[in-house]
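S.K.: A predicted structure for the sequence below; I have some questions about it.
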Amino acid sequence: MPSRNHLDKIGRKKKKKWSEEAMERALIEVKSGRCTVRQAAKEFGVPKSSLGDRVSGRVTPGSRSGPAQLITSADEELLVEFSLYMSKHGFPLTKQQVVSFASSIYKRQHRRVAFSKLGQTWWLNFRKRQERNITIQPADNVVRGRTACVRKEAVDQFFCLLSTVMDAHGLRDKPRQIYNCHETGFHLGRKRGHVPKPAGLGCKPAPGSRDHVSILACFNAAGDDVPPFVIYSRAYPGGVCYKTQGPTNALYGWSDSACVNSDLFKKWFLKHFLTHAPKERPLLLVFDGHKSPVSLEVVESARRENVILLCFPPHCSHILQPLDAGLFVVLKQRLASVTGEGCAADAHFAISKKDFSGVFKRAYQVAKEEEGLRIVREGFKKCGLYPLNHFAINGGNSMPSHGIGPTAGTSLSISAQTMHAVGELTAAEASS
C-alpha cells in the first residue's frame, strides 16, 4: 500500500505542457543538423532531456512518458466496457472488484508472475484516466428484515430492465430460453434445527452442522432443467459412488463452505450450463449475483455465446426467485420423505455425505414429473418473470427506498456522458 504522501504527489503531478507534434518537429530539426538539442528544445518548447533521450534512442519516438502501463490501453477499454455491461445488467462493480478484474487481465498477460502489481496507485490513475466514463456512487441501501419489505424502486427498475432485454432479444414468447439458477443448502447429520431459508449464491452454512451440501439448480420457464451442481463442504466424499449414484449428468464440486464461489460458478457456467443448455440463442440467465460469483471469463464467454446475464436487485431475490417460490420447498419435502424424516420441513437429514447424492437423486425426480414441471412454471409466473408481469409481485412486500437508511461504501457505475442507455446497449447486442 503506497504512503499517503506518495498518493498526494500523484495527485499534484504536473501535466506535460508540450505536445507530441512539437517533439516530433524538434526531433526532425536536430536529426537534419539544422539545430542542436538545446536550440530545438528552446524553439519548440519541449524539455531538453526528453528530446535528448529521443535523439540518443533511449526513448522510442511517440512512446508515452513515465513508467510502463501495467495493462494496455486496449485492455483498459475492455475493462470499462466490461464494467458498463455489468452495471447495465444489475452487477454494479465495487472498487475491489474492478481492481480484481484488472488483476485478472494483468495475470493473463504475465502468466509467470505470482501476484498482480495493481493496487491503490493503479486505481487512482485509472479513475483519473477514465473520469469521463465512470462515476463512483454510494453503496446500495441495506434492507433490515428483507422478508418484510423490499424497495419498490429497485423492483420497478429490475422489471423495466427485464422488459427492455426481452423486447430487444425477442424473448417474450420463448420460455425455453429464459433460465433462472439458484442455490439451496442441506445440512447433514443427526442434529436437527429450524429450517433456514434457501441459501443464495455465496451463502454460509449454519454453524454447528456436521456436514453441509449445496445444490445449484437451474431451470427455464418451460420447466426444463440443467442437471444440478452438487457442492460438498471441505472435500469430496471418498470413492466414486457419489458420482455413479447421483442424478444423471450432474456436476460435482467442493468448497470450504460448500457454497458457490467465483471459481465454482465459472466451472458450472463454462463446462456445464453451456453444454446442457439448448442451442437456440439468445439465452437469458437470471440469478442473484451480488455475492460476486461472476468472473471476467464468464462474462466474456457469455457474450461470445449470446447468453444474457441479468442480476436480481439486492435484497429482493427472496420475492423474485422462481425456484424459491415452490420447487426448493418440494425438494426438501421429498428428500425428507425418502430418508424417512418425521418432519418434511426439517433441514437436517440423518444421511452421510457419501450417500447424499443417491438419496437426492430420488428426491430430484420430482423435477422430471408433471408435478415438478407445473411447480417450476408456476414459480416463474408467481414472480412475474414469465409471462412478464410486474404486477405479479405482491405490493405489500415492497416499500419506497426513502424509508431505508444508507450504509457506508461505494460502487462503480458508468457515466451517462459517454455510454449508451440500456435500450441502446441491448439493441446493439441483439443486432450483433
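M.R.: Nice, thanks for sending it over.

S.K.: all contacts plus neighbour counts: C-alpha atoms, from now on.
M.R.: Fine.

S.K.: in the stretch 151-300 of the chain, which ranges drop under the pLDDT threshold?
M.R.: 190-210, 290-292 (pLDDT under 70).

S.K.: okay, strands next: where are they in it?
M.R.: In order along the chain, the stretch 151-300 of the chain carries the following strands (DSSP state E, counting those that start in this stretch): 178-188, 211-220, 225-233, 251-255, 283-287.

S.K.: and the spatially most central residue of the chain, what does it touch?
M.R.: Residue closest to the mean C-alpha point of the chain, counted by CA atoms, centre = their mean, is Val294 at 3.0 Å. Taking CA atoms under 8 Å, 6 or more residues apart in numbering, we find Val294 in contact with Ser262, Phe265, Lys266.

S.K.: could you redo the last one with a cut-off of 7 Å?
M.R.: Val294 makes contacts with Ser262, as judged by CA atoms under 7 Å, 6 or more residues apart in numbering.

S.K.: related to what we said a few turns ago, of all the strands of the stretch 151-300 of the chain, which lies closest to Gly33?
M.R.: Smallest distance to Gly33 across the strands of the stretch 151-300 of the chain (CA to CA): 65.2 Å, for strand 283-287.

S.K.: partners of the closest one, with directions?
M.R.: strand 178-188 (parallel), strand 307-311 (parallel) (DSSP bridges).

S.K.: how about the ones you listed in TSV, adding mean neighbour count and distance to Cys383?
M.R.: Output for the strands paired with strand 283-287, formatted as TSV (neighbours: other CA atoms under 10 Å; distance: least, CA to CA, whole Å):
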stretch	mean neighbour count	distance to Cys383
strand 178-188	24	11
strand 307-311	21	14
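
S.K.: mind putting the ones you listed into CSV with distance to Arg127?
M.R.: Shown next, in CSV, are the strands paired with strand 283-287 (distance: least, CA to CA, whole Å):
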stretch, distance to Arg127
strand 178-188, 34
strand 307-311, 25
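
S.K.: looking at these, which is closest to Ile71?
M.R.: For the strands paired with strand 283-287, proximity to Ile71 was assessed by CA to CA; strand 307-311 is nearest, at 26.0 Å.

S.K.: neighbouring contacts of the closest one?
M.R.: Contact partners of strand 307-311, identified using CA under 7 Å, 6+ apart, comprise His89, Gly90, Phe91, Pro282, Leu283, Leu284, Leu285, Val286, Phe287, Asp288, Gly289, Ala302.

S.K.: same check, this time on stretch 244-259
M.R.: 202-205, 212-214, 227-236, 357-358, 361.

S.K.: got the angle between the top helix by length along the chain and strand 178-188?
M.R.: Criterion DSSP state H: the longest helix present in the chain is helix 152-169. Relative orientation of helix 152-169 versus strand 178-188 (axes from the mean of the first three to the mean of the last three CA atoms, to 10 degrees): 130 degrees.

S.K.: and helix 152-169, what does it pack against?
M.R.: helix 422-431 (3 or more CA pairs under 7 Å, 6 or more residues apart in numbering; DSSP states H and E).

S.K.: about what we covered before: buried ones in the longest helix of the chain?
M.R.: Neighbour-count burial for helix 152-169, counted by 16 or more other CA atoms under 10 Å, picks out 152, 154-155, 158-159, 161-166, 168-169.

S.K.: widest-spaced pair of those?
M.R.: Taking CA to CA as the measure, those span a maximum distance of 25.9 Å, between Lys152 and His169.

S.K.: give me the domain ranges for the chain.
M.R.: Following automatic domain parsing, one gets these domains for the chain: 4-56, 152-400.

S.K.: just put those domains in TSV and tack on distance to Lys107.
M.R.: Shown next, in TSV, are the domains of the chain (distance: least, CA to CA, whole Å):
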stretch	distance to Lys107
domain 4-56	24
domain 152-400	12
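
S.K.: among the ones you listed, which is the most enclosed?
M.R.: domain 152-400 (a mean of 19; mean count of other CA atoms under 10 Å).

S.K.: contact partners for Thr60?
M.R.: By CA under 7 Å, 6+ apart, the residues touching Thr60 are Arg54.

S.K.: shouldn't it be within a helix?
M.R.: No: checked against DSSP: H, G, I helix; E, B strand; the rest coil, Thr60 lies outside a helix; its state is coil.

S.K.: where do the helices sit along the stretch 51-200 of the chain?
M.R.: All helices of the stretch 51-200 of the chain, identified by DSSP state H, counting those that start in this stretch, fall at 73-88, 95-109, 120-129, 152-169.

S.K.: and the first one, how far out from the chain middle?
M.R.: Averaging C-alpha coordinates over helix 73-88 and over its chain gives two centres that are 13 Å apart (CA atoms, centre = their mean, to the nearest Å).

S.K.: could we number from 296 for the rest of this?
M.R.: Okay, residue one is now 296; in that scheme the one you just asked about reads as helix 368-383.

S.K.: that helix vs helix 447-464, what angle?
M.R.: Using the same axes, to 10 degrees: helix 368-383 against helix 447-464 is 120 degrees.

S.K.: can you dump the C-alpha atoms of helix 368-383 in PDB for me?
M.R.: The C-alpha trace of helix 368-383 is given here as PDB (Å, rounded to 0.1, in the frame of the first residue of the first chain):
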ATOM      1  CA  SER A 368      -4.900   0.900 -23.300                       C
ATOM      2  CA  ALA A 369      -6.900  -1.600 -25.300                       C
ATOM      3  CA  ASP A 370      -7.400  -3.900 -22.300                       C
ATOM      4  CA  GLU A 371      -8.300  -0.900 -20.200                       C
ATOM      5  CA  GLU A 372     -11.000   0.000 -22.700                       C
ATOM      6  CA  LEU A 373     -12.200  -3.600 -22.400                       C
ATOM      7  CA  LEU A 374     -12.300  -3.200 -18.600                       C
ATOM      8  CA  VAL A 375     -14.500  -0.100 -19.000                       C
ATOM      9  CA  GLU A 376     -16.700  -1.900 -21.500                       C
ATOM     10  CA  PHE A 377     -17.000  -4.900 -19.100                       C
ATOM     11  CA  SER A 378     -17.900  -2.500 -16.200                       C
ATOM     12  CA  LEU A 379     -20.600  -1.000 -18.500                       C
ATOM     13  CA  TYR A 380     -22.000  -4.400 -19.200                       C
ATOM     14  CA  MET A 381     -22.100  -5.400 -15.600                       C
ATOM     15  CA  SER A 382     -23.600  -2.100 -14.400                       C
ATOM     16  CA  LYS A 383     -26.400  -2.200 -17.000                       C
END
